[in-house]
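sequence first, predicted model second:
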Number of protein chains: 2
Amino acid sequence: MDFKFLQELIVPAKTRIILLIMDGLGGLPLEPSGKTELETACTPNLDALAGKSVLGLTQPAGPGITVGSGPGHLAIFGYDPIEYEIGRGALEALGVDFELGPDDVAARGNFCTVDEKGIITDRRAGRIPTDIGRELAELLRTIKVDGVEFFVETVKEHRFAFVMRASGLGDALSETDPLKVGVPTLPVTALNRESEQAACYANRFIKQARCLLADKHPANMITLRGFAKLPHIPTYPELYGLKSAAVAINGMYRGVARLAGMNVLNVVGDTIADEFATLEKYWNDFDYFYMHVKRTDTCGEAGDFAGKVRVIEEVDAFMPRLLALNPDVVIVGGDHSSPAVLKSHSWHPVPVLIHGRYVRPDGISEFGEHACSRGSLGVLPATHVIRIALANAGRITKYGA
Amino acid sequence: MDFKFLQELIVPAKTRIILLIMDGLGGLPLEPSGKTELETACTPNLDALAGKSVLGLTQPAGPGITVGSGPGHLAIFGYDPIEYEIGRGALEALGVDFELGPDDVAARGNFCTVDEKGIITDRRAGRIPTDIGRELAELLRTIKVDGVEFFVETVKEHRFAFVMRASGLGDALSETDPLKVGVPTLPVTALNRESEQAACYANRFIKQARCLLADKHPANMITLRGFAKLPHIPTYPELYGLKSAAVAINGMYRGVARLAGMNVLNVVGDTIADEFATLEKYWNDFDYFYMHVKRTDTCGEAGDFAGKVRVIEEVDAFMPRLLALNPDVVIVGGDHSSPAVLKSHSWHPVPVLIHGRYVRPDGISEFGEHACSRGSLGVLPATHVIRIALANAGRITKYGA
């Protein structure tokens, strides 16, 4: 993707684009000859929209590659997820809705158990309840070191997000978790000169944490891994001149959207209905909306085929409300596949439809994996979707004469 | 495109390839569920040929990108149109069939109106009639400056192509048109050291032009913009060992063909019939023919759906004559889409068929956008077409043992 080339062709327009993402949308049939979750779902509204759309199957990171939600979203937002990698620590911080700044170094933290010699006996501190994790996080927040600001945010049970904020920190840092018991935790070492200061801050934090937690068995020590800053990503306003907004409930999706320069809207409540209400409320304020539905993925990962079908049907029922807003371009797709039979994310290409007044409709009135495989978009990199949407929204001018 | 890799595999053969381009071939239906121009046209010969061909949809410069005819042709000729950019000035010169040399710096010229203080009052000199433009071009041709040769070619009304010929000229030059009235024209400034001589020549030309035109109100001054040399492009003879010829009437297409090293044939007359007669006349002299039909695009840009349908039908009627020549490989396609409903070029992928004795036919006896979207070529970069044609013409040998 040559952003510079595209950027020079961008022109303003008074059009609105909606990208509706059902997380983990792509699926698999229960039996080889059967239907996928999306094909099983009764989706009269999506099927009708498909008939007026171009269809295809998106690949977030090329053939055979299964992606996490971070790279999956970067891809459907138009960014090469291999070029723009979001490190684990940064994803963990985004996941708890932490507003990670460009200079922040984040890490995934674990409470763990060590014996009197500092030897790890349980890497997860017996999976302490989340409430206890919160209390201990409060304690860790009292740690102060000159020149740096620390943040500790509980994720779940023994997990927390750790962030160091100071200017000029590098993130090439070794992990302290030896990934086995029977050995001590490791010190943080800088893997390049730019990261030496950060290693020093992290080690001083760990030293103080060890003292504060000494009597908090089983959570009497911490490990830190996946140190990472956010990648610098050219934003939607910079690239496309789009006033863009995100309607998403879960932290990570909000975080990736923020990274792309979107305004992350406040959703009151946590249902799909609440998300559609938010879309309607802010409809006049932006010209691009990303909307995220999480539960398709949750069901897929849980192996709940019928549950995933029901979530898709629920989304389908909201489509008339979405279309009543008269968007110029509508994209419906996913960030990756999460087939219930696999109980996990998968590499299978993901159904997508792009609707707009100027698409050349494929005339296939069905939204599903097999229908999309016959669509004129073919199997395409997920990163291409935004370009086609922008073209259909009148936002890309002619190249050359 | 890795030309070096391909070039090493090229072998000679006694085969002939025809590339028939209907300009702006791709279209859109008038109604979402309707047929495009190509699908509406009655094309028994193209449909029969499609049944013995592989079909697909070409993208000249990637998803969502609308191209001009210059980049559209470069792409279908096999050149990445983003890597090989033809500047505006060079396109203008090619458009009037000027034989632009590799050292020439071309620009788009306008006659304009200035007041006694040199302030622009009309950037187009009241769109003077083309005849007046020709007379004034004659006058400008009298301008002489040591060390450089100038060419002035009328385009239409107030527009002309301007060319400077001298060795070693750079084309990084600022434009003299301020793009608004109420301000004076700007001097040409060199944007790098290599272009300083060219800036000097251009400014001396402009100075003399101002004197010569002083009493020619409303066309009493000129502006120059889009300074550009031709890109250096490896030619068909160099790349493929092809003795190649172009059958085209309009200057720009002839110019781009010349750039690719094709012999531009003299077409007597300006009808499609005249073009086919030219093809037949020279059939034994070359092993690759590019043939260009302009009016599909003209109708598309004019919003004339029925007219575009008729031009396609006219071309279809000539197909038996084309096939009677027994070409080894026939490509029928377009350089870009020009849907009548948009009255402009567009980003929609363009139908293409490749026929030859050794293609694996898709068995789809219809040439149209939807039929091509079901073809085995899928959605492919336009640059790939020449490779597939060369392979089918027995001109690419095996890679590796």
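That came in fine, so what should we check first? Numbering: from 1, shown residues only, chains lettered A, B, ... in the order given.

for the rest of this, base every contact and every neighbour count on C-alpha atoms.
Noted.

now the residue in the stretch 151-300 of chain A positioned nearest to chain B. Nearest residue, chain neighbours left out?
Per Cα to the nearest Cα, A:Tyr240 is where the stretch 151-300 of chain A lies closest to chain B, at 13.2 Å. Spatially, and ignoring its direct neighbours in sequence, A:Tyr240 is nearest to A:Ile10 (6.1 Å; Cα to Cα, 6 or more residues apart in numbering or on different chains).

which parts of the stretch 251-400 of chain A are helices?
Assigned by DSSP state H, counting those that start in this stretch, the stretch 251-400 of chain A shows helices spanning A:251-259, A:272-282, A:295-302, A:305-324, A:369-373, A:385-392.

lowest average pLDDT across the ones you listed?
Set side by side, the helices of the stretch 251-400 of chain A give their lowest mean pLDDT on helix A:251-259, at a mean of 92.

packing partners of it?
Here helix A:251-259 is seen to pack against helix A:69-76, helix A:88-95, strand A:244-247, strand A:263-264 when contacts are counted using 3 or more Cα pairs under 8 Å, 6 or more residues apart in numbering or on different chains; DSSP states H and E.

and the residue nearest to A:Tyr240, what pLDDT?
pLDDT for A:Ile10: 97.

over to A:Ala401?
For A:Ala401, the model assigns a pLDDT of 82.

would you check how far apart it and B:Met252 are?
According to Cα to Cα, to the nearest Å, A:Ala401 stands 10 Å off from B:Met252.

so what sits against both of those two?
B:Gly70, B:Leu91 (Cα atoms under 8 Å, 6 or more residues apart in numbering or on different chains).

who has more neighbours out of the two?
Applying other Cα atoms under 10 Å in any protein chain shown to A:Ala401 and B:Met252 shows that B:Met252 carries more neighbours, namely 23 against 15.

nearest residue to the more buried one other than its sequence neighbours?
Spatial nearest neighbour of B:Met252, excluding adjacent residues (Cα to Cα, 6+ apart): B:Gly95 at 3.9 Å.

identify the residues contacting the one you found.
Contact analysis of B:Gly95 by Cα under 8 Å, 6+ apart lists B:Asn250, B:Gly251, B:Met252, B:Tyr253, B:Gly255.

can we see that at 7 Å?
Residues in contact with B:Gly95 (Cα atoms under 7 Å, 6 or more residues apart in numbering or on different chains) are B:Asn250, B:Gly251, B:Met252.

tell me the one of those nearest chain A?
Among the contacts of B:Gly95, B:Met252 lies closest to chain A (Cα to the nearest Cα), at 9.9 Å.

that closest one is in contact with B:Phe98, isn't it?
No. B:Met252 is beyond contact range of B:Phe98, at 9.1 Å (criterion: Cα atoms under 7 Å).

neighbours around A:Gly251, how many?
By the measure other Cα under 10 Å, the count of residues near A:Gly251 is 18.

quick one: contacts for it?
A:Leu94, A:Gly95, A:Val96, A:Asp97.

how about the residues of chain A by chain B?
Residues of chain A lying close to chain B (Cα under 7 Å from any Cα of the partner chain) are A:52, A:360-363, A:374, A:376-378, A:384, A:387-388, A:391, A:397-401.

straight-line length of stretch A:115-122, end to end?
Across stretch A:115-122, the terminal residues are separated by 10 Å (Cα to Cα).

contacting residues for the closest residue to chain B within the stretch 51-200 of chain A?
Residue nearest to chain B within the stretch 51-200 of chain A (Cα to the nearest Cα): A:Lys52, separated by 6.4 Å. Counting by Cα under 7 Å, 6+ apart, A:Lys52 touches A:His355, A:Pro361, A:Gly363, B:Pro32.

could you redo the last one with a cut-off of 6 Å?
Neighbouring residues of A:Lys52 by Cα atoms under 6 Å, 6 or more residues apart in numbering or on different chains: A:Pro361.

what separation do you get for the closest residue to A:Ala214 other than its chain neighbours and A:Ile119?
Once flanking residues are discounted, A:Ala214 sits nearest to A:Asn220: 5.2 Å by Cα to Cα, 6+ apart. Using Cα to Cα, one obtains 11 Å as the distance from A:Asn220 to A:Ile119.

looking at the two, which is more packed in?
Legend: neighbour count by other Cα under 10 Å for A:Asn220 and A:Ile119, higher for A:Asn220 (21 against 14).

ok, the more buried one touching A:Thr113?
Yes. Between A:Asn220 and A:Thr113 there is a contact at 5.5 Å, judged by Cα atoms under 6 Å.

run through chain A and note the low-pLDDT ranges.
Along chain A, segments meeting pLDDT under 70 span A:1.

and if we set it to 50?
By pLDDT under 50, chain A contains no weakly predicted segment.

so in it, which strand runs the longest?
Secondary structure of chain A per DSSP state E: the longest strand is strand A:105-114.

could you dump the helices of the stretch 251-400 of chain A into CSV with distance to A:Ala161 added?
Shown next, in CSV, are the helices of the stretch 251-400 of chain A (distance: least, Cα to Cα, whole Å):
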stretch, distance to A:Ala161
helix A:251-259, 12
helix A:272-282, 26
helix A:295-302, 22
helix A:305-324, 30
helix A:369-373, 37
helix A:385-392, 32
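
how about those, which one is nearest A:Ile76?
With Cα to Cα, the closest approach to A:Ile76 among those belongs to helix A:385-392: 6.8 Å.

just checking, what packs against that closest one?
Here helix A:385-392 touches no other helix or strand, going by 3 or more Cα pairs under 6 Å, 6 or more residues apart in numbering or on different chains; DSSP states H and E.

who's in contact with that helix?
Helix A:385-392 has contacts (Cα under 6 Å, 6+ apart) with A:Gly78, B:Pro63, B:Gly64.

angle of it against helix A:69-76?
Here the directions of helix A:385-392 and helix A:69-76 differ by 30 degrees (axes from the mean of the first three to the mean of the last three Cα atoms, to 10 degrees).
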